[in-house]
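Trainee: below is the structure, and that's it, no one-letter string:
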């Protein structure tokens, strides 16, 4: 039997937010490859091999998964959220491009999932109701000047902005720098949302403004959303009207 | 018993891509409100009232749903994809803002789902592997000059661009105009993907370049993705490396 590789997203956390297609893909696998905390979301089964790894070794993990698949195993690479958004799918194709030419003939699929910004938005209303963008604040793989250029362009064109990886122990100052930059373009009253552990039972929301936003409130599990000029609060919800002319 | 309203996304189409949380929310409802083709994805049950409507009356549909909930019904508003992305959730909060003040006290929730661009990306590899933005090309609710400003900003800052609503019978020329504008900023060799009916059994992918992209290949069921400068093809897949320096 020939091998295969599927990249699966477990969604934001709760089992009820993982698609049945992803659950079925995990159930068919002989081997699960992934970062430990994501693998922990998948029930242990004695007939499946689990290959847990550290978070900082995406490319090694991708190569291991591809090697297993080319040896005939049915491999599921387990990612959080949607595997195509700041997660494992891109790393798999990087490894294909730079690796054994035979890997290009493998049966490789990606299963879509609920990415963090969608779960975060749902916790607070509909802040992504207009045009929006998603930016990872991590500068492990790109220059900080690139992040700044994208933040500025997104603010000037009045996109709603979702920030992934807003802060980590190694990068405590970048979110503050991002807020400073955004304040030069966007109004101080612009709604800002810190959504921690969205789509889990521990979800927590802080609703504030760009003028008052305290970057120390974000950690690795936080998704930050900065509104467009039309984003507003109604009751306990925050949303962006579909029309640029504002609410009807 | 007091009423409630939940906005549910059915995902891109296949039942296996709807989350169990969304399925449970639909199962609990006494009333389903939505655009006919989305309601058709939900199995008929004799103890549920179905309120199907046309596609162009989001705000009327939102008000009907809120009225039913305030009359004590358990209402599910059925949307495609993720309800917070160019779908019904924003319309619900618009209706809350402009409607009966009592609606602000209702139990309103949003269930996240798999939005079209994630399903489209998964069909072809990982084109959203870097920073990206989502723009609706419809100018029903915003000026075309706003769309152009956002396209230009996104191209200049080298975002991957996902275009929702790229074409309809009423708007046949806008995608061509968008490509023309993008060609003034981005290289002709930039990968462009037309993904039709992503996340359904009829999914079809056209992989082309910005220089060669034919706007007439898009219809209402198509999601168009325009790559960043690093987006590339490997084997039969298209992906965007995580690093702005390109693939390893």
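Mentor: Now that the structure is in, tell me what you want to look at. Since the model is a prediction, treat every value here as computed from it, not as a measurement.

Trainee: give the buried residues for the helix or strand bottoming out on mean pLDDT in chain A.
Mentor: Least confident helix or strand, chain A: helix A:36-39 with a mean of 90, by mean pLDDT, DSSP states H and E. Residues A:38, A:39 are the ones in helix A:36-39 that count as buried (16 or more other CB atoms under 10 Å in any protein chain shown). Using the backbone N, CA and C atoms, a C-beta is placed for each residue, glycine as well.

Trainee: packing partners of that helix?
Mentor: strand A:49-53, strand A:74-79 (3 or more CB pairs under 8 Å, 6 or more residues apart in numbering or on different chains; DSSP states H and E).

Trainee: now do the longest one: distance to the chain's middle.
Mentor: This means strand A:74-79. The chain centre lies 17 Å from the centre of strand A:74-79; the measure is CA atoms, centre = their mean, to the nearest Å.

Trainee: what angle separates that strand from strand A:49-53?
Mentor: Using axes from the mean of the first three to the mean of the last three CA atoms, to 10 degrees, the direction of strand A:74-79 lies 30 degrees away from that of strand A:49-53.

Trainee: what sits up against strand A:74-79?
Mentor: Applying CB atoms under 8 Å, 6 or more residues apart in numbering or on different chains, the contact partners of strand A:74-79 are A:3-10, A:25-26, A:28-35, A:38-39, A:41-42, A:61-62, A:65, A:68-69, A:83, A:87-89, A:92, A:113.

Trainee: of those residues, which belong to strands?
Mentor: Residues of the contacts of strand A:74-79 located in strands (DSSP state E): A:4, A:5, A:6, A:7, A:8, A:9, A:31, A:32, A:33, A:34, A:35.

Trainee: in these, which residue is surrounded by the most others?
Mentor: Greatest neighbour count in the ones in strands among the contacts of strand A:74-79, by other CB atoms under 10 Å in any protein chain shown, goes to residue A:7: 34 neighbours.

Trainee: tell me the contacts of that one?
Mentor: Neighbouring residues of residue A:7 by CB under 8 Å, 6+ apart: A:76, A:77, A:79, A:83, A:84, A:88, A:89, A:92, A:108, A:109, A:110, A:111.

Trainee: which two among those residues are spaced furthest apart?
Mentor: Using CB to CB, the contacts of residue A:7 reach their maximum pairwise distance at A:76 and A:84, which is 15.2 Å.

Trainee: which one's more surrounded, those two?
Mentor: residue A:84 (32 against 28).

Trainee: the more buried one contacts residue A:90, doesn't it?
Mentor: Yes - the criterion here is CB atoms under 8 Å, and residue A:84 meets it with residue A:90 at 7.3 Å.

Trainee: joint contacts of the two?
Mentor: Counting by CB under 8 Å, 6+ apart, the shared contacts of residue A:84 and residue A:90 are B:126, B:129.

Trainee: show me where chain A has helices.
Mentor: Counting by DSSP state H, one finds helices in chain A at the ranges A:20-28, A:36-39, A:58-70, A:88-98, A:116-124, A:144-156, A:174-183.

Trainee: ok, of those, where does mean pLDDT dip lowest?
Mentor: Within the helices of chain A, confidence is poorest for helix A:36-39, with a mean of 90 (mean pLDDT).

Trainee: and the contacts of residue A:7, which is closest to residue A:54?
Mentor: Distance to residue A:54, by CB to CB, is smallest for residue A:88 among these, at 13.4 Å.

Trainee: would you quantify the distance from the closest one to residue A:104?
Mentor: 18 Å (CB to CB, to the nearest Å).

Trainee: the more surrounded of these two?
Mentor: Using other CB under 10 Å, the more surrounded residue of residue A:88 and residue A:104 is residue A:88, with 28 against 14.

Trainee: now do the contacts for the closest residue to residue A:233 other than its chain neighbours.
Mentor: Spatially, and ignoring its direct neighbours in sequence, residue A:233 is nearest to residue A:191 (6.4 Å; CB to CB, 6 or more residues apart in numbering or on different chains). If a contact means CB under 8 Å, 6+ apart, then residue A:191 has A:127, A:207, A:208, A:209, A:210, A:226, A:227, A:231, A:232, A:233, A:238 as its contacts.

Trainee: and the helices and strands packed on helix A:36-39, which is most packed in?
Mentor: Highest mean neighbour count among the helices and strands packed on helix A:36-39 (mean count of other CB atoms under 10 Å in any protein chain shown): strand A:74-79, with a mean of 28.

Trainee: okay, residue A:45: pLDDT?
Mentor: At residue A:45, pLDDT is 92.

Trainee: if I look at it, how far off is chain B?
Mentor: Residue A:45 is 19 Å from chain B, where distance means CB to the nearest CB, to the nearest Å.

Trainee: what count of nearby residues applies to residue A:246?
Mentor: Residue A:246: 12 surrounding residues under other CB under 10 Å.

Trainee: can you count the residues close to the residue nearest to it when sequence neighbours are not counted?
Mentor: Sequence neighbours aside, residue A:230 is the residue nearest to residue A:246 in space, at 5.2 Å (criterion: CB to CB, 6+ apart). Residues lying near residue A:230 (other CB under 10 Å) number 19.

Trainee: what's the burial count for residue A:83?
Mentor: Neighbour count for residue A:83, taken as other CB under 10 Å: 31.

Trainee: quick check: it touching residue A:108?
Mentor: No - Residue A:83 is beyond contact range of residue A:108, at 11.6 Å (criterion: CB under 8 Å).

Trainee: correct me, but the residue nearest to residue A:246 touches residue A:130?
Mentor: Yes - with contact defined as CB under 8 Å, residue A:230 and residue A:130 form a contacting pair (6.7 Å).

Trainee: what do those two both touch?
Mentor: A:240, A:241, A:244.

Trainee: please parse chain A into its domains.
Mentor: With domains defined by automatic domain parsing, chain A comprises A:4-114, A:117-239.

Trainee: now the shortest one, how far from the chain's geometric center?
Mentor: Going back to what we said before, that points to domain A:4-114. Using CA atoms, centre = their mean, the offset of domain A:4-114 from its chain centre is 15 Å.

Trainee: give me the below-cutoff pLDDT ranges for chain A.
Mentor: Judged by pLDDT under 70, chain A has its weakly predicted residues at A:1, A:55, A:248.

Trainee: as CSV, the helices of chain A with distance to residue B:138 would be great.
Mentor: Below are these laid out as CSV (distance: least, CB to CB, whole Å):
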stretch, distance to residue B:138
helix A:20-28, 29
helix A:36-39, 36
helix A:58-70, 37
helix A:88-98, 29
helix A:116-124, 20
helix A:144-156, 20
helix A:174-183, 27
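
Trainee: go through those helices and pick out the most buried.
Mentor: helix A:116-124 (a mean of 29).

Trainee: what are the contacting residues of that one?
Mentor: Residues from elsewhere that reach helix A:116-124 (CB under 8 Å, 6+ apart): A:11-13, A:17, A:80-81, A:85, A:127-128, A:134, A:162, A:164, A:193, A:195, A:198-199, A:203, A:205, A:207, A:223, A:225, A:237-238, B:82-85, B:89, B:109-113, B:115.

Trainee: right, and residue A:44 touches residue A:52 too?
Mentor: No - at 11.4 Å, residue A:44 does not count as touching residue A:52 under the criterion of CB under 8 Å.

Trainee: so how far is residue B:217 from residue A:198?
Mentor: In terms of CB to CB, residue A:198 sits 36 Å off from residue B:217.
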